[in-house]
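Sequence below, structure please.
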Amino acid sequence: MPLDLSRIQGLCFDVDGTLSDTDDQFVRKLVHWLSPLRFVFPQRDPLPFARRVVMVTENPANFMAGVPDRLGIDGAIAAMGDFFYRQGLGKSESPFLLIDGVRGMLECLLPHYPMSVVTARGLRSTERFLDQFGLRPFFRCVAAAQTCKHTKPYPDPILWAAEQMGLPPQACLMIGDTTVDMRAGKAAGAQTVGVLCGFGEEAELNSTGADLILPSTSALSEILLNVSSR
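Purely as a prediction, here's the structure:
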């Protein structure tokens, strides 16, 4: 079903692969680890192999990330993660990366739509990403991994974010890069946009109900406002 622009009153954004250039960050780290073995790769370049590994592990990783949620132990795991983060063990020396054009896109959309973050990341990590790039003022609320009883692909965080924005979920647009985002959006009754700047691929995003596929999140303002963020 094509995107119905007339329905859209609020926007829900995933973080990894949608706002944050997480997949490229993973690829760079893997290339670094593989560098001592570069002689085994065609043209001594481990980059194509590293990128393929990151892309093909997306669905298993999403499944494993949801296991604690299904077992009801995600709360305990999150509490442990927050403890380690407060001790400084969760902080990476590598800064987060922002996907090109995202800030301009958010600036274009802010006067027209309430916006929220809906992510399976922990709250502290999400806030650290937003603070690094000064993005907090763009969002009415942040639905992180432990905000609701269940996280994506359940609809709970999108339903919660819609309520915080004062909107029915049917008036929301969920923007994400994985099948988990598409499934959560559809389960909430929202429309969905899949972006190809992260972990997902076009065929799988379409198969889970994306109403529109964009090459990058930054193109969203062109669709909603016919304004370029670049």
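
which parts of whichever strand or helix holds residue 222 are buried?
Residue 222 belongs to helix 220-225 when assigned by DSSP states H and E. Using 16 or more other Cβ atoms under 10 Å as the test for burial, helix 220-225 gives 220-222, 224-225. C-beta here means a position set from N, CA and C on the backbone, and glycine is covered the same way.

Run through who's touching it.
3, 5, 8, 11, 104-105, 108-109, 112-113, 175, 193, 212, 214, 227-229 (Cβ atoms under 8 Å, 6 or more residues apart in numbering).

next one: stretch 124-139
13, 15, 19-20, 82, 85, 90-91, 95-96, 98, 103, 106-107, 110, 115-117, 119, 121, 142, 144.

any low-confidence regions in the chain?
1, 22-41, 43-94, 227-230 (pLDDT under 70).

now the helices for it?
Along the chain, counting by DSSP state H, helices occupy 22-34, 47-56, 58-71, 74-86, 102-109, 123-132, 156-164, 179-188, 202-207, 220-225.

related to what we said a few turns ago, by neighbour count, sort out the buried ones in the contacts of helix 220-225.
3, 8, 11, 105, 108-109, 113, 175, 193, 212, 214, 229.

State the distance from residue 2 to residue 137.
Note on residue 2: its distance to residue 137, by Cβ to Cβ, to the nearest Å, is 32 Å.

What of residue 226?
From residue 226 to residue 137 the distance is 24 Å (Cβ to Cβ).

Equivalent analysis for residue 174, please.
21 Å.

who has more neighbours, the two?
residue 174 (33 against 8; other Cβ atoms under 10 Å).

Quick check: chain neighbours aside, which residue is closest to the more buried one?
residue 185 (3.2 Å; Cβ to Cβ, 6 or more residues apart in numbering).

Hmm, the one you found is touching residue 170, no?
No: using Cβ atoms under 8 Å as the test, residue 185 is too far from residue 170 to be in contact (10.8 Å).

Now do the domain split for the protein, please.
5-20+96-225, 24-86 (automatic domain parsing).

Stretch 197-210 spans what distance, first to last residue?
Chord length of stretch 197-210, first to last residue, is 15 Å (Cα to Cα, to the nearest Å).

buried sites along that stretch?
197-201, 204-206, 208-210.

I'm done for today, thanks for sticking with me.
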